[in-house]
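Colleague: curious how this folds, go ahead:
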Amino acid sequence: MNDLQTERLVLHPFTPAEAGRVAAGEPGPEDVWAPGYPAEGERTGARMFLKGCQDGNDPHPFGNFEIRRRSDGAAIGGIGFHGGPDDDGGVEVGYGLAEAVRGQGYATEAVLGVLAHARAAGARLFRAETSTDNPASQGVLRKAGLTLVRQDGEALFYELPL
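Modeller: Prediction:
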């Protein structure tokens, strides 16, 4: 699968080898990682990707992506699907950025990039979950066009029909 390009980002589809390095938190000689990358959320996403690769499966087009800045190629975060479309054609996405690069619009740009990708790949509903104590993520999801559809305790669930 090819990289997804946005204005300032490259959303690079993980390979198992790349995901293994992120999961371990150990960069290879060719990896360029921004300070603070990968955080625990990105490491968890990489482990989920590796689990999806078992038995030779390729989770793409609904796999995980490393978020890289186009300006310098540095990995600054991760974004990925929690699996392929469900019975309703819905997909769920999770994402995270290194703390040093937050607040610059990268998360919104990455969400919009994978949203367009999900639509092109045939998904009919785009979902994300965040928490009541994460107003930044709530803002990202609203800016990307998602609507809050329900709350369960501290969990907030957003959706956008495609």
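Colleague: check which element follows the least confident helix or strand in the chain by mean pLDDT along the chain.
Modeller: Sorting the helices and strands of the chain by mean pLDDT, DSSP states H and E puts helix 40-52 at the bottom, at a mean of 90. Per DSSP states H and E, helix 40-52 leads on to strand 64-69 as the next helix or strand towards the C-terminus.
Colleague: chain center to that following strand, what's the gap?
Modeller: In terms of Cα atoms, centre = their mean, to the nearest Å, the gap separating the centre of strand 64-69 from the centre of its chain is 7 Å.
Colleague: before we move on, the earlier item: can you list contacts of the least confident helix or strand of the chain?
Modeller: 14, 16, 19-20, 22-25, 38, 59, 63-64, 77-80, 82-83, 94, 96 (Cβ atoms under 8 Å, 6 or more residues apart in numbering). The way it works is simple: take the backbone N, C-alpha and C, and place the C-beta from them, glycine included.
Colleague: and the residues you listed, which of them are in helices?
Modeller: 16, 19-20, 22-24 (DSSP state H).
Colleague: among those residues, name the buried ones.
Modeller: 19-20, 22-23 (16 or more other Cβ atoms under 10 Å).
Colleague: pipe these into a markdown table and attach pLDDT and distance to F157 per row.
Modeller: Below are these laid out as a markdown table (pLDDT from 0 to 100; distance: Cβ to Cβ, whole Å):
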| residue | pLDDT | distance to F157 |
| --- | --- | --- |
| A19 | 94 | 27 |
| G20 | 95 | 31 |
| V22 | 96 | 27 |
| A23 | 95 | 27 |
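Colleague: which one of those residues sits closest to A110?
Modeller: V22 (15.6 Å; Cβ to Cβ).
Colleague: tell me which residue is most central in this protein.
Modeller: Nearest to the mean C-alpha position of the chain, by Cα atoms, centre = their mean, lies I79 at 1.1 Å.
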